[in-house]
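Participant: Here is my input, please return the structure:
(chains A and B)
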Amino acid sequence: MNERERAWADLMRAAIAGDAAAYARLLKDLAPALRSTARRRFARVGLAVADAEDVVQETLLAIHLKRHTWNAAEPIGPWIWAIARNKLVDALRRRGNRVDIPIEQFMDVLPADDASAAMGSRDMERHLKALPPRQRQVLRAIAVDGASISDMAARLDMTPGAVRVALHRGLTALAAKFRRSE
Amino acid sequence: MMRTDDLVHALAADLATPARPVGRYLATAVAPAWVISAVLFAVALGPREDFTIAVGQPRFVLKLVVTLLLAVSASMLVLRLARPVAEGRLPMLALTGGPALLAIAVLVELVSVPPSEWTTRLVGSNYLVCLTAVPLLGLPPLAAALVALRHGAPTRPMLAGAIAGVLAGGLAAALYAMHCSDDSPLFVATWYALAIVILALIGAVAGRQFLRW
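Facilitator: Here you go, the predicted model:
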């Protein structure tokens, strides 16, 4: 386990204890590592490197929705790479590539240049459009406009609990749409 | 266009929605499903007539011990398989506790019962009921275990589904054991095992379909 992974584990522990800022930092730190792996893989099989961001977003979504499967007593690196590998293999298979990626290739990722933090995912955009209107509205406002749960509750005349449910259902539905898209 | 940084905002906002650990999820899913099986069992079959006498007999008790031991060890394995990382080797050996105990009992039976009786004891009186009832009674806990696995992140869906089938099979066989009047380890090692294998196969097929995440 290296320094970086130790820092990630600390951030995740803070996140599990409820620290949303630490959680956001963790996910933002993970994105470049995931991106460089996905891009390298996409380039190797001749896919457009720009589309690798689809996998980055799908992986972050999976890490989020499956965060309870990390055992806080164990190193976080292997857990992250197992999820990333699963998502990358699925994504490449959906794009018509049968792949078998040795897990070792996930261990030595290099951070990509940070200009790509502004990258978007076309898949995500397409799946977002297919969500029920309320979920889409809540998700987009919180994600893109930086609205808070309570902002949205006031704006849509909903209880904060109902906004939370809409957000969570929207994210779960997005993950399912990534999985089913062919 | 939703940028990756935007997505992170949404994920961080969703942190407040708690994610239940798989272990608790498995317990709260499988326990009520087993109760459903028990009710089905009570309605359709019920305990054998000499139940109160049977509970004092070692062969009968052994059936319960072996099946429940199998269910417990399978559930530990299911919890391991629900996580994307396999830390070290999978403790598949844990699963052999029940079968090993049964194998010893089979040897004891072969030594203590004359060979002329082996076939009668192995075939028993109602193996067809066993082969039907155990898989059917196992369906509710199997479905529950699969739902719990889906809440996790299994990277080996077929194996995870198969072990969920063994878990459900152990639970269902323990119920059926209370009805079944064939107590010989020869019978148990043949028909109970076959019934549990059927559930494991159903679980493997369902796992492949249902456990992608």
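
Participant: For residue 19, what are phi and psi?
Facilitator: By default, I'm working from chain A. phi -80, psi 100 (degrees, to the nearest 10).

Participant: oops, I was thinking of chain B
Facilitator: Per-residue torsions, residue B:19: phi -110, psi 120 (degrees, to the nearest 10).

Participant: Make sure it is actually in contact with residue A:15.
Facilitator: No. Residue B:19 lies out of contact with residue A:15 (Cβ atoms under 8 Å); the separation is 10.9 Å. C-beta coordinates here come from the backbone N, C-alpha and C atoms, glycine included.

Participant: Contacts made by the lowest-mean-pLDDT helix or strand in chain B with the rest, please.
Facilitator: Ranked by mean pLDDT, DSSP states H and E, the weakest helix or strand in chain B is helix B:51-54, scoring a mean of 90. When contacts are defined by Cβ atoms under 8 Å, 6 or more residues apart in numbering or on different chains, helix B:51-54 is touched by residues B:48, B:60, B:178, B:183.

Participant: Quick one: mean pLDDT for the helix or strand just after it?
Facilitator: Sequence-wise, the next helix or strand downstream of helix B:51-54 (DSSP states H and E) is helix B:58-81. For helix B:58-81, the mean pLDDT works out to 96.

Participant: If you count contacts, what does the strand or helix carrying residue B:141 end up packed against?
Facilitator: Using DSSP H and E, residue B:141 maps to helix B:127-151. When contacts are defined as 3 or more Cβ pairs under 8 Å, 6 or more residues apart in numbering or on different chains; DSSP states H and E, helix B:127-151 packs onto helix B:22-44, helix B:58-81, helix B:157-177, helix B:193-210.

Participant: Which among the ones you listed is found nearest to residue A:57?
Facilitator: Closest of these to residue A:57 is helix B:157-177, at 22.9 Å (criterion: Cβ to Cβ).

Participant: Touching the helix or strand just after the closest one from outside, list them.
Facilitator: In the C-terminal direction, the helix or strand that comes right after helix B:157-177 (DSSP H and E) is helix B:185-187. With Cβ under 8 Å, 6+ apart as the test, helix B:185-187 has contacts from B:59, B:62, B:102, B:105-106, B:108-110, B:118, B:121-124, B:127.

Participant: Help me confirm that residue A:143 comes into contact with residue B:2.
Facilitator: Yes. Look at residue A:143 against residue B:2 with Cβ under 8 Å: they come within range, at 5.9 Å.

Participant: out of the two, which sits in the busier spot?
Facilitator: residue A:143 (25 against 21; other Cβ atoms under 10 Å in any protein chain shown).

Participant: what comes up buried for the strand or helix carrying the more buried one?
Facilitator: According to DSSP H and E, residue A:143 maps onto helix A:133-144. Residues A:135-144 are the ones in helix A:133-144 that count as buried (16 or more other Cβ atoms under 10 Å in any protein chain shown).

Participant: mind checking how far stretch B:39-58 is from the chain centre?
Facilitator: Remark: stretch B:39-58 is offset 20 Å from the chain centroid, using Cα atoms, centre = their mean, to the nearest Å.

Participant: How about residue A:14: what's its closest non-neighbour residue?
Facilitator: Computed as Cβ to Cβ, 6 or more residues apart in numbering or on different chains, the closest residue to residue A:14 that is not its neighbour in sequence is residue A:22, at 3.7 Å.

Participant: likewise residue A:54?
Facilitator: Nearest non-adjacent residue to residue A:54 (Cβ to Cβ, 6+ apart): residue A:123, at 4.1 Å.

Participant: The one you found - how many residues pack around it?
Facilitator: For residue A:123, using other Cβ under 10 Å, the count is 20.

Participant: shouldn't it be in contact with residue A:178?
Facilitator: Yes. The pair residue A:123 / residue A:178 is scored as a contact, 6.5 Å apart, by Cβ under 8 Å.

Participant: what's the overlap in contacts for the two?
Facilitator: Counting by Cβ under 8 Å, 6+ apart, the residues touching both residue A:123 and residue A:178 are A:54, A:58.

Participant: Grab the most central residue of chain A for me.
Facilitator: residue A:60 (1.3 Å; Cα atoms, centre = their mean).

Participant: Could you check how far the residue lying closest to that one once chain neighbours are set aside is from residue B:186?
Facilitator: Nearest in space to residue A:60, with sequence neighbours left out and distances taken as Cβ to Cβ, 6+ apart, is residue A:27 at 5.7 Å. Separation of residue A:27 from residue B:186 (Cβ to Cβ, to the nearest Å) stands at 58 Å.

Participant: thinking again about what came up before, can you give the distance of the helix holding residue B:141 from its chain's centre?
Facilitator: The answer for helix B:127-151 is 7 Å, by Cα atoms, centre = their mean.

Participant: for stretch A:78-93, same thing?
Facilitator: 11 Å.

Participant: Contacts (any at all) between chain B and it?
Facilitator: Yes. Using Cβ under 8 Å from any Cβ of the partner chain, stretch A:78-93 reaches chain B at A:78-79, A:82-83, A:86, A:90.
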